[in-house]
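[1] got a structure for you, letters missing:
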C-alpha cells in the first residue's frame, strides 16, 4: 500500500533541480521519496525542529496565556477576544468560528512536526539508510537526535494542551480514532525526549543546526531537552487533586530533569526567516501612538504586584486608574503604564479584566521580534527554579521549596532585596510561585506557561477550559461527536478520562 507524504510532496514541487521520473509525484511512498530526494531526511528533520520551536511559542497559542489572565485582548485574530471573555464562555469548537483557528492550528502544527520526525526515523531505523545533507555530509546521527527531540516535544505538548489524541510512532499507522489520553501522550513524549538525550550523550560530535541560522551546542541541547522534559512533565495535571495524586515518583522525575536543565537563560537571536517568539511578539507590538496594539496586560498582574492589595476592580472605564505601588522593582522594569487604552474597545468588557499596563521587557525599537538580531527568550533558568521549588512542595519538602525562592545569590525576586523571604508554609509558597510565573516568566515561557501552573493549582478562574478539545474538523473526518470545554455553566465538569476539563469557581479571583 502506498503511503502519501504531504511534506515530501511540497518539497518536490519547490525543488526544481531534482529529476523526478514519476507521472504523479504526490503518490510517492516513504521509500520512493527517500530515494528520489537524497537529502529528504535532513530536510524533514529541519522542518520538524523549526516547526516544534515555532509551535511552542506560536501566536495562535495566545489563547492559553489569555486563559491564564496574562493578557486581555480586543483582537478578533484567532478568536483572541472570545478567549478573553468574562464570565468565561464555552470554547466554540466549530470550524467556521474564529476560536477554532487556535484548536486547528495547534493540533495540526504539532502533529505535522511529529509526522516529519517519524518519517526521518523510519528512513534511518526501518529502511536502514543514512541521511545526508545537501553537501553530501553524513548527518544520520544528528537527524536521529533531532527527530526524537521533536517527537518528544510535539507529543508532550499535545498531551499538555489537548485532552486526547493519537500516538503516531510509525509511518504505517491507520488509526481512525483518538484512543490515547493526555497522560499517555505526555508520557510517550517524555520517552522520546529521554531517547534524544541518550543519543546526544553518546554522540560527542553532535551538530544540531536544524533551527534556521542557529546551531545549538551539544551541552546546551542536552540541558534544553532536560528543561523541556521538566516543563512538560510538570504540566500534565489538570487540577490540584490530580497533581497531588501523581505522587512522589512523578515529582521526583520532574525535579531530576530540572536539576539537569539549563544553567543560563536560553535566548535565541532572530535571523532572517528564522525563529522568533511569536506569542510574546504579539503582546509587545505597539500602534502608531506608541501604546499596546490589541493585547494588554491583564488586571491580574498589577493586582498581584500592588503592595496595597487593592481590588481587581480598580479600572472603571473611562476613568483612568492610578498607577499601582509595588515593592518589586521588576514590575517597573517589565511593564509600562499608559493613560490611553489605545483602541478604546474595552468599555463593554467589564472593569475587572484589563489594566492600563503594557509590556516593555523584551521590547525593541523595531517594534517586532521578527527582525534580525532581536532577542527571543525561549527558556529562562528562573522557570527551572520555580519548577524545582514546586516539585519540592509536592514532595512535602516545604523548607527546600522556600530555599529555592529565597536564594539571595541568584533568585531574581530578591534583586534589590525589597521583597521579603517566603515562609515555609504551603499557601505562602504557592502564592509566591503564582506571582513569579506571572511577573518573571510571563510569555517568555511560550504558550503553556503559566497556564499549566495555574491549572494544577486551581488558580484559573471558574469556567476556564483546563484543556482543549480535538478540533471539529478532525472529529468529523472519522464521524466522532464534537465536544468542548469551558463556560460558567460547567464549573468542574470532567472529561472522558475523569479529569477536570472546566475549572471550578475557586481561582485566583471568583468568576464575574
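    Nice, I can see it. These figures come from a predicted structure and were not determined experimentally.

[2] any idea how far residue 354 is from residue 303?
    According to Cβ to Cβ, to the nearest Å, residue 354 and residue 303 sit 12 Å apart. C-betas here are computed from N, CA, C, even on glycine.

[3] err, residue 372, not the other one
    Using Cβ to Cβ, we find residue 372 at a distance of 37 Å from residue 303.

[4] between these two, which one's more packed in?
    Remark: of residue 372 and residue 303, residue 303 carries more neighbours, 21 against 13, as counted by other Cβ atoms under 10 Å.

[5] Just to be sure, the more buried one is in a helix?
    Yes. Residue state for residue 303 (DSSP: H, G, I helix; E, B strand; the rest coil) corresponds to a helix.

[6] What is the least confident helix or strand in this structure?
    Counting by mean pLDDT, DSSP states H and E, the chain has its least confident helix or strand at helix 6-14, which shows a mean of 31.

[7] same for the host helix or strand of residue 149, what does it pack against?
    When elements are assigned from DSSP states H and E, residue 149 belongs to helix 140-161. Contacts defined by 3 or more Cβ pairs under 8 Å, 6 or more residues apart in numbering; DSSP states H and E place helix 140-161 against helix 40-56, helix 98-121, helix 182-202, strand 208-211, helix 218-234.

[8] Can you pull the poorly scored residue ranges out of the chain?
    1-38, 310-319, 342-352 (pLDDT under 70).

[9] Now do the strands in it.
    Secondary structure of the chain (DSSP state E): strands located at 71-73, 164-165, 180-181, 208-211, 214-216, 266-269, 295-297, 335-337, 357-359, 375-379.

[10] Show me what the fourth one is packed up against.
    Think strand 208-211. Partner elements for strand 208-211 (3+ Cβ pairs under 8 Å, 6+ apart): helix 40-56, helix 140-161, strand 214-216.

[11] deepest of the ones you listed, which one?
    helix 140-161 (a mean of 27; mean count of other Cβ atoms under 10 Å).

[12] what angle separates that one from helix 218-234?
    With axes from the mean of the first three to the mean of the last three Cα atoms, to 10 degrees defining the directions, helix 140-161 sits at 20 degrees from helix 218-234.

[13] got the angle between helix 140-161 and helix 98-121?
    Using the same axes, to 10 degrees, helix 140-161 lies at 150 degrees relative to helix 98-121.

[14] Report the angle between helix 140-161 and helix 182-202.
    Going by the same axes, to 10 degrees, helix 140-161 makes 160 degrees with helix 182-202.

[15] Tell me how many other residues crowd the closest residue in space to residue 41 that isn't next to it in sequence.
    Excluding the flanking residues, the one nearest residue 41 by Cβ to Cβ, 6 or more residues apart in numbering is residue 131, at 3.5 Å. Each residue near residue 131 was counted by other Cβ under 10 Å, and the total is 25.

[16] Residue 62 too?
    28.

[17] Does it touch residue 79 like I think?
    No. Between residue 62 and residue 79 there is no contact under Cβ atoms under 8 Å: 9.6 Å.

[18] anything in contact with each of the two?
    Shared contacts of residue 62 and residue 79, defined by Cβ atoms under 8 Å, 6 or more residues apart in numbering, comprise residue 102.

[19] and stretch 249-262, which residues are buried?
    If you call a residue buried by 16 or more other Cβ atoms under 10 Å, then stretch 249-262 has these buried ones: 250-251, 253-255, 257-258, 260-262.

[20] next one: stretch 73-85
    73-75, 77-85.

[21] Can you report how many residues lie near the nearest residue to residue 122 once chain neighbours are set aside?
    Distances taken as Cβ to Cβ, 6+ apart put residue 171 closest to residue 122, at 4.8 Å, once the chain neighbours are dropped. Neighbourhood size, residue 171 [other Cβ under 10 Å]: 18.

[22] on that earlier part again, got the helices and strands packed on strand 208-211 as TSV, with distance to residue 287 columns?
    Shown next, in TSV, are the helices and strands packed on strand 208-211 (distance: least, Cβ to Cβ, whole Å):
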stretch	distance to residue 287
helix 40-56	25
helix 140-161	30
strand 214-216	31
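
[23] out of these, which comes closest to residue 283?
    Each of the helices and strands packed on strand 208-211 was scored for nearness to residue 283 using Cβ to Cβ, and the closest is helix 40-56 (15.8 Å).

[24] Counting by contacts, list what that closest one packs against.
    Against helix 40-56 (3+ Cβ pairs under 8 Å, 6+ apart) you get helix 6-14, helix 30-36, helix 98-121, helix 140-161, strand 208-211.
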